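Participant: Turn this into a structure:
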Amino acid sequence: MNVLALDLGTSSVRAMVFDDSARARPDALARRGFDLSIAADDSGGATLDADEYLAALCACLDELAKAGHLDDIGLVAASAQWHSVLPVDAGGRPLGPVVTWLDTRPAPPEDATGPLDPEAFHQRTGAWWHRFYWTVKLPWLRDLGLRPARYTGLVEYILGELLGEAPMSVSQASGTGMLDLSTMEWDPEALEIAGVATGQVPSLAAPDWHGRLRPDYARRWPQLARALWSPAVGDGAASNIGSGCVDETRAAVTVGTSAAVRLVQPAPGGAALPPLPHRLWRYRVDDARVVTGAAYSAGGNLFAWARRELRLPEGPALEETLAGIAPFAGVRADPRLGGDRPPGTAPAGSGELRHIGFGTTATEMFAGMMAGVCTMVLGDLEVIESTVDHRVAVTLGGGAIAASPWWRRAFELCLAPRQVDHVDDPEVGCTGAALVALERAAPPARRP
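Facilitator: Here you go, the predicted structure:
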């Protein structure tokens with residue numbers, strides 16, 4: 001049996017095929033780039049068109065089918081962006097674009113007060129009352145004049161179109177900031193703050209849920225007609241699993257469109273969760289594990305923006321210009337061009353460059369921005385380590401890390417004396433999704 005893994009990211013949609021040991025099948029990868037709609041007025045808007053996104057995914061599956069790569073698919077897995085929200089009408093049709101994690105416009109209503117006990121809320125949900133989460137996004141959408149019948153995430157909309165019925169996984173639900181991580185049910189206080197009833201948010205997937213393609217899509221891809229679809233895993237959690245960072249001994253530092261540092265911890269449903277420091281978030285991998293960490297709006301997007309706007313060369317030519325620059329010397333940068341991820345509240349446009357003179361080169365400015373991301377990661381990694389009372393090893397991964405050996409060396413210097421390894425797999429999200437789906441499909445005696 002082969003596994004089809006989907007990566008429903010922010011800047012691209014990918015589909016690839018693995019065998020039943022989660023080894024990638026040669027050349028069985030299809031990708032479509034996708035551009036966020038970024039507000040030209042610097043208001044912080046960052047949205048996606050849900051139906052265009054679905055069309056991009058379908059084009060990937062058409063490409064794999066044409067090449068014969070969808071034969072013998074028994075299981076479909078998905079790694080998907082966390083935190084998106086899409087307002088829909090009673091028929092399930094979008095009332096506007098998908099509001100993504102990068103959108104900094106949502107704000108609480110003026111008369112809203114948030115959780116009664118913010119620290120207890122943070123410990124329960126792993127989140128804060130913050131523009132990033134549905135507790136703020138849903139009232140903000142209503143204040144725009146929308147009157148949705150329901151709210152859903154991008155992945156639930158996409159899978160709902162393909163399958164007809166796609167409940168939200170506990171992993172995706174935890175990314176809304178409204179899930180009680182211990183009971184794995186919607187948190188009543190979070191629903192009240194968001195101003196919604198349980199019927200207005202997605203139903204939650206049962207532990208044994210699997211979906212199947214709707215008849216019209218099964219005719220389009222008959223190879224997938226009998227395949228079982230697993231609940232989606234949040235992209236950060238999937239990246240940890242795909243990087244081999246599956247327990248408390250090893251953290252993952254992943255740099256894709258954004259960047260994050262995360263640690264997986266065991267947490268069966270109903271069990272007491274480890275204490276959560278205020279500056280860290282916590283979401284679910286699945287019903288047996290949580291992932292604790294911090295994330296940043298600056299990552300591969302910053303790398304691409306700086307290279308383009310500073311008119312730098314690409315690939316080996318860029319590395320050659322960086323070779324003579326020592327990381328963390330000279331230019332200093334605050335790389336928060338896209339604003340803060342929670343719990344910070346800095347808006348888009350908060351980036352800074354310091355210690356610049358007439359002799360400063362474009363490459364030195366670029367190096368300063370990349371080193372700034374390293375420094376942010378180190379600070380939060382030290383906080384993560386305080387929750388487990390030991391220094392952890394680190395695995396670097398993600399497409400942006402793979403694209404720049406200089407940036408990889410900067411991370412190694414910054415994170416020393418920890419053991420730092422690099423996984424040379426730009427598709428760790430797909431790999432992680434395949435691994436989680438295979439674990440879930442295995443007999444109980446074989447599960448980790």
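Participant: which one's the longest helix in the chain?
Facilitator: Among the segments of the chain that qualify as a helix by DSSP state H, the longest is helix 362-386.
Participant: list the helices and strands that one packs on?
Facilitator: Where contact means 3 or more C-beta pairs under 8 Å, 6 or more residues apart in numbering; DSSP states H and E, helix 362-386 is packed against strand 250-255, strand 259-266, strand 289-296, helix 300-309, helix 315-322, strand 332-334, strand 352-354, helix 405-415. Bear in mind the C-beta positions are built from the backbone N, C-alpha and C, glycine included.
Participant: nearest to residue 5, of the ones you listed?
Facilitator: Closest to residue 5 of the helices and strands packed on helix 362-386 is strand 250-255 (C-beta to C-beta; 16.4 Å).
Participant: Tell me the helices and strands packed up against the closest one.
Facilitator: Partner elements for strand 250-255 (3+ C-beta pairs under 8 Å, 6+ apart): helix 235-242, strand 259-266, helix 362-386, strand 393-397, helix 399-403, helix 405-415.
Participant: What lies in contact with it?
Facilitator: Contacts with strand 250-255, where a contact means C-beta atoms under 8 Å, 6 or more residues apart in numbering, come from 236, 239-240, 243-245, 259-263, 293, 299-300, 303, 373, 377, 381, 384, 392-401, 407, 411, 415, 428.
Participant: Stretch 22-31 now?
Facilitator: Taking C-beta under 8 Å, 6+ apart as the rule, stretch 22-31 contacts 2-3, 12-19, 59-61, 63-64, 67, 69, 427, 430-431, 434-435, 438.
Participant: Now do the buried residues in that stretch.
Facilitator: Judged by neighbour count using 16 or more other C-beta atoms under 10 Å, the buried positions of stretch 22-31 are 22, 24, 25, 28, 29, 30, 31.
Participant: any idea which of the residues you listed is closest to residue 125?
Facilitator: residue 22 (30.8 Å).
Participant: For residue 441, see how far away that closest one is.
Facilitator: 12 Å (C-beta to C-beta, to the nearest Å).
Participant: same question for stretch 264-275, mean pLDDT?
Facilitator: For stretch 264-275, mean pLDDT is 89.
Participant: Domain-wise, how is the protein divided?
Facilitator: 2-236+428-446, 245-424 (automatic domain parsing).
Participant: circling back: could you turn the buried ones of the contacts of stretch 22-31 into a PyMOL selection?
Facilitator: Selection of buried members from these for PyMOL, criterion 16+ other C-beta under 10 Å:
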select buried, resi 2+3+12+13+14+15+16+17+18+60+61+63+64+69+427+430+431+434+435+438
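Participant: Please flag which of the contacts of stretch 22-31 sit within helices.
Facilitator: Those of those lying in helices (DSSP H): 59, 60, 61, 63, 64, 430, 431, 434, 435, 438.
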